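1. My questions concern the predicted model and sequence given below.
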Amino acid sequence: MPRYEYRCRTCGDTFELSRPMAESAAPADCPSGHDDTVKLLSTVAVGGSASAPSPAPRAGGGGGGGCCGGGCCS
């Protein structure tokens with residue numbers, strides 16, 4: 001179940017709630033009992049140690065990664 005972050009406009013407390021996506025926009029009461037809260041835009045953190053594969057070398061020995069696909073335009 002996703003976790004959503006909220007901030008209370010009355011006391012300034014920030015808190016999280018686990019709730020279904022269908023209820024993400026539903027009002028949320030602050031743990032202190034206030035009802036003037038706003039849902040915050042949260043960033044997504046992805047864990048793991050997988051890495052992207054290195055690109056294969058191109059035929060002709062050209063360098064890679066320039067602004068024009070390998071040969072930077074001057």
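-> Received it, and whenever you're ready, just let me know what you need. Numbers count the residues shown, from 1 in each chain.
2. for the record, mean pLDDT for stretch 40-50?
-> Mean pLDDT, computed over stretch 40-50, is 72.
3. nope, stretch 27-35 is what I meant
-> Confidence over stretch 27-35 (mean pLDDT, whole number) is 93.
4. contacts for it?
-> Identification of contacts with stretch 27-35 by CB atoms under 8 Å, 6 or more residues apart in numbering yields 4, 6, 8, 9, 10, 11, 13, 15, 17, 36, 37, 39. C-beta here means a position set from N, CA and C on the backbone, and glycine is covered the same way.
5. filter those residues to the buried ones?
-> Buried members of the contacts of stretch 27-35, scored by 16 or more other CB atoms under 10 Å, are 4, 6, 8, 15, 17, 37.
6. Might one say that the first one is in contact with residue 42?
-> When you say that, I think you mean residue 4. Yes: between residue 4 and residue 42 there is a contact under CB atoms under 8 Å: 7.2 Å.
7. in the protein, which spans are helices?
-> When assigned using DSSP state H, the chain turns out to have no helices.
8. Tabulate the contacts of stretch 27-35 (CSV), appending distance to residue 26.
-> Formatted as CSV, the contacts of stretch 27-35 follow (distance: CB to CB, whole Å):
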residue, distance to residue 26
4, 10
6, 11
8, 16
9, 17
10, 18
11, 20
13, 18
15, 15
17, 9
36, 15
37, 11
39, 9
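9. From those residues, which land in strands?
-> Using DSSP state E to define strands, the subset of those located there is 4, 6, 8, 15, 17, 37, 39.
10. Distance check, residue 4 against residue 19.
-> 6 Å (CB to CB, to the nearest Å).
11. what does residue 13 give?
-> Taken as CB to CB, the span from residue 13 to residue 19 is 18 Å.
12. And for residue 28?
-> Per CB to CB, residue 28 is found 8 Å from residue 19.
13. and these two? which has more neighbours close in?
-> residue 28 (21 against 14; other CB atoms under 10 Å).
14. just checking, residue 40 touches residue 7?
-> Yes: counting by CB under 8 Å, a contact exists between residue 40 and residue 7, whose distance comes to 5.7 Å.
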